[in-house]
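Asks: Sequence below, structure please.
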Amino acid sequence: LSHDVVITCPDCHVHCERESQLRANDLNEMAIPPEKRSRKYEDDKKLYQVRSSALALKRYREKIPEEKVLYHEGIVRRYFGLEDGVVLTKEVLERAADLEYRVANREYVSGPEIIVAEFGEDEEKIGRFVKGWRRHFLDTAQPQFLPDGWSVDSAVSCGREDY
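Replies: Numbers count the residues shown, from 1 in each chain. Have a look, this model is predicted:
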């Protein structure tokens, strides 16, 4: 789609990029049914709890009631497979506090992947989609100079044949 690569000034590029992201978000909302929407990352509740307990112990151990200290220590110990009564070192608490509780959602499918799957080999849909983005570029950037022959209605080529 080299036809669709147009050089713009930095200010126009930033403006177009911002508007294009908004349009992409809108397209995702329209194209992806609510039951298929998912987040790229999810919070692992167990890891979050371990991390939160470690942070509470690191920051507020002296200020929280003893039963809460024991509760938080138990969560950290169980995660690391430590027996009751084992003293939690600063290193163990640091490792627990640094746990990444946001994990990749294995069922996540990105908006563009869903749109590509939806279009499949439908040349007409692909052509309308690309031309819609070209129109969006014209409306957003309002370019004063375009390469010779550039047109919203130019054929769309994806390396196979023109659409």
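Asks: quick one: the closest residue to residue 110 other than its chain neighbours from residue 7, how far?
Replies: In space, not counting the residues next to it along the chain, residue 110 is nearest to residue 40; the distance is 7.5 Å by Cβ to Cβ, 6 or more residues apart in numbering. Heads up, the C-betas are built off the backbone N, CA and C, glycines and all. Residue 40 sits at a distance of 32 Å from residue 7 (criterion: Cβ to Cβ, to the nearest Å).
Asks: what does residue 59 give?
Replies: In terms of Cβ to Cβ, residue 59 sits 52 Å off from residue 7.
Asks: Next: residue 150.
Replies: 11 Å.
Asks: Which of the two has more residues huddled nearby?
Replies: Neighbour count, other Cβ atoms under 10 Å: between residue 150 and residue 7, residue 150 has more, with 15 against 9.
Asks: Look up the pLDDT of that one for me, please.
Replies: Residue 150 carries a pLDDT value of 88.
Asks: For residue 102, what are phi and psi?
Replies: Here is the backbone geometry of residue 102 (degrees, to the nearest 10): phi -90, psi 120.
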